[in-house]
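*Asks:* Generate a structure from the sequence data that follows.
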Amino acid sequence: QVQLVESGGGLVQAGTSLRISCVHDGRTSGVGAMGWFRQAPGKAREFVAVISWRGYSSHYAASVRGRFTISRDIAKKTVYLDMRHLEPEDTADYYCAADTTYAAPAWSPQYWGQGTQVTVSS
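*Replies:* Presented below is the predicted three-dimensional model:
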């Protein structure tokens, strides 16, 4: 079992940047990939980005590619999502996810965090 805890959400203005983080409490050897999904009010949850724990591979949703960057710190068991040029359409609850394997473009993680809210004002 892997527990995931997100942090760093908040209210920001459009055009600015924000970093959200997620730490896992499991054994590093048990985590093959970590990533992010988001769910906007009234919409289905959607994939944002995923990174292999070794860092060799990553994949982004088309809507965030070029604006968001996913990275990880193995020693800190943490994955980050750096979000730049934020738009009101990026407003959502952002969920951290983890799995034993990396897959792209379709990734179905088994572990989920509780979510952190990101609100972008216009």
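
*Asks:* For the chain, just list every one of the strands.
*Replies:* 4-7, 10-13, 18-24, 33-39, 46-52, 58-60, 68-73, 78-83, 92-99, 111-112, 116-121 (DSSP state E).

*Asks:* and of those strands, who's closest to Pro105?
*Replies:* Within those, the stretch nearest Pro105 is strand 58-60; the backing value is 6.0 Å (Cβ to Cβ). For every residue, glycine as well, the C-beta is placed using N, CA and C.

*Asks:* Give the pairing partners of that closest one; include direction for each.
*Replies:* strand 46-52 (antiparallel) (DSSP bridges).

*Asks:* Identify each buried residue in the strand it pairs with, please.
*Replies:* 47-52 (16 or more other Cβ atoms under 10 Å).

*Asks:* next one: stretch 14-24
*Replies:* Quick answer for stretch 14-24 (16+ other Cβ under 10 Å): 18, 20-24.
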